[in-house]
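**Student:** here's a sequence, model it:
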Amino acid sequence: MSSKKARQIIILGAGVMQGPVIAVAREMGLETIALDGDRGAVNAGKADRFEPIDLKDKEGIEALARSLQAGGRLGGIITAGTDFSASVAWVAERLGLPGIPYETALNASDKGRMRRRFRDSGVASPEFTVLGAYPGPGYTPPSGYPAVIKPVDNMGARGCRRIDSPADFDAAWGEAFAFSRSGAVIVESYMEGPEYSVDALVYHGEITICGLADRHICFPPFFIEMGHTMPAAGRPAADESALIETFTQGARALGLLEGDAAGAAKGDIKLTPQGPMIGEIAARLSGGYMSGWTYPYASGVEVIRGAIMAALGEKPDGLVPRRSWTCAERAFISIPGRVRAVLGLRAAAAAPYVKDIFLRAAPGSRVSFPENNVSKAGNILAAAPEREAAVNAAEDAARMILIALEAPDPETGAFLESGAAWPPPAWPPAAFAVSPAIAASLASLPDPSPGSGGTLSLIPFPALGASGLRDWAGRSVSESLDAVRALTGLPLPEKPWPAGRPVSGQPFLGRRFWAALIRGGYQGAAYLVESLCAGAGGIAGAAPR
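**Tutor:** Sure, this is the predicted structure:
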């Protein structure tokens, strides 16, 4: 930035979620100084200045901020979509910059402190227990089961899962404890009901709600957000008002509405049979694309601009929605393995109403079935004047993106083999949740070796096709077969298994193929085909790779 008079703003984080903060701040004429412990952070080069500082190092951030403040141009410090609102508050408080008090930020960062503030203020939230060490086998929390276990100080659902028994607790404890930076874990009663996300700005005792979204949580016992849709829909107005009121009470209980506190608040809240209950509230704008993309697409308002104004000590303005669109975000996932190729990106990007594609899986990278919200393969955002159009666009585009895995790979092989027995394991779930009758029908299918030469054909499995089942992304069996054909380059016609000896020179796939499709979806079936073809010395008709 050429002007020496431009005010400076420090931005914690230079990853994907902080990209809009950097861009909007620059549009506002500010000089941006982005900090991130990762020198290769994707948006590091988009700031006016980048400093490789660990975001946990609040003293190091303070030292940099003081050096900037000595120059007379430092206006504020901000973050969005990170775990480090306490680092922001520490620096702001010590340097006299606008912001949220450090103790308040700790209330909104440590889930144990948060729950105690809610309890003491009478705000509806789950019963809880904080544990600093393993309590021993047979543990049952005071509130009983079902419960949720998670680290007190992490985000993205890392180390978070539902537990229904002492055995579940023992299985989940190690991961929850490993993800805790402070070495403490919280166990809280499980809340039934649909979940919502709220973004808000706070300024000198006032709160402005900047969007309420439906959260689409999948794959129990974990809590994987496979998307969100804004605005939230399908609830009576009284329910929405109750959700917002409970969120506001929670923000007040944490101290976000006291004195001259200025910043943002992000909440997850459930509508339980007993009424709204708060999952958590953070003293920052949300990650998960909501503050930087979803709300602007839906409303025409840059909530990030308001957050930057608050960080500079200015009352946020321009927050009245200019349009009433729907924005839908949907994730796409992968089974375990190493990525060989990603297909369909151009078609998905060109689809009507699709705005953005964020890809986490690239050729050569390892992927896994998600156990938290940072292990998904990618995300799609679509926006449209009508809700149905936005949702369909995002979900259709997510199904267009196909991830091919390298074969052979021990993790992929183990994933597919884990579904060989009946009943299948509860976790990870199978792509197609077949009934015992379909499983019995599968067991009766022939299972020839593919051989070599001729066109590889599939022995039909009409029971699966007629089931109406769909995979994790909503693909039908027919759509999944088309995806297998696209990845392998093989036509894979379905032909009846000939009585007696197979037709000479015409290899077939049967039970193993369909089992791989059921367990691992199109990826599992394509992986099996390519593994068998490689072992057989090649199959005629395969596309060159």
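**Student:** residues in contact with residue 212?
**Tutor:** The neighbours of residue 212, taking C-beta atoms under 8 Å, 6 or more residues apart in numbering as the test, are 196-198, 230-232, 240, 243-244. Placement of C-beta: from N, CA and C, glycine included.
**Student:** tell me the helix or strand right after the helix or strand containing residue 309.
**Tutor:** Of the helices and strands defined by DSSP states H and E, residue 309 is found in helix 303-311. Tracing the chain C-terminally past helix 303-311 and defining elements by DSSP H and E, one meets strand 326-332 next.
**Student:** so which residue is dead centre in this protein?
**Tutor:** residue 373 (3.4 Å; C-alpha atoms, centre = their mean).
**Student:** circling back: now the helix holding residue 309: how far from the chain's centre is it?
**Tutor:** Between the mean C-alpha location of helix 303-311 and the chain-wide mean there is a distance of 24 Å, by C-alpha atoms, centre = their mean, to the nearest Å.
**Student:** again with stretch 485-496
**Tutor:** Relative to its parent chain, stretch 485-496 has a centroid offset of 33 Å by C-alpha atoms, centre = their mean.
**Student:** same deal with stretch 338-349?
**Tutor:** The chain centroid and the centroid of stretch 338-349 are separated by 19 Å, computed with C-alpha atoms, centre = their mean.
**Student:** repeat that for stretch 67-86.
**Tutor:** How far stretch 67-86 lies from its chain's middle: 27 Å, per C-alpha atoms, centre = their mean.
**Student:** check stretch 312-330 too.
**Tutor:** Distance of stretch 312-330 from the chain centroid (C-alpha atoms, centre = their mean) equals 22 Å.
**Student:** show me what counts as buried in it.
**Tutor:** Residues of stretch 312-330 classed as buried by neighbour count (16 or more other C-beta atoms under 10 Å): 312, 316, 319, 325-330.
**Student:** do a quick rundown of the strands in the stretch 251-400 of the chain.
**Tutor:** Ranges of strands within the stretch 251-400 of the chain are 262-272, 275-282, 326-332, 337-343, 354-359, 366-367, 378-384, based on DSSP state E, counting those that start in this stretch.
**Student:** kindly report the same for the stretch 51-200 of the chain.
**Tutor:** The residue ranges that make up the strands of the stretch 51-200 of the chain, judged by DSSP E, counting those that start in this stretch, are 74-79, 128-131, 147-151, 161-163, 185-189, 195-203.
**Student:** of those strands, which approaches residue 523 most closely?
**Tutor:** Closest approach to residue 523 among the strands of the stretch 51-200 of the chain is made by strand 161-163 (24.0 Å; C-beta to C-beta).
**Student:** mind giving me the domain ranges of this structure?
**Tutor:** Structural domains annotated on the chain: 8-97, 127-189, 325-406, 410-535, as defined by automatic domain parsing.
**Student:** for those domains, which one sits closest to residue 104?
**Tutor:** Among the domains of the chain, domain 8-97 comes nearest to residue 104, with 7.0 Å by C-beta to C-beta.
**Student:** averaged pLDDT, that closest one. What do you get?
**Tutor:** Looking at domain 8-97 alone, the average pLDDT works out to 97.
**Student:** now stretch 334-354
**Tutor:** The predicted model gives stretch 334-354 an average pLDDT of 98.
**Student:** stretch 153-173 now?
**Tutor:** 93.
**Student:** give me the distance between the two termini of it.
**Tutor:** Between the opening and closing residues of stretch 153-173 there is a gap of 15 Å (C-alpha to C-alpha, to the nearest Å).
**Student:** offset the numbering so it begins at 27, please.
**Tutor:** With 27 as the first residue, the last one maps to stretch 179-199.
**Student:** many thanks, I have nothing further to ask.
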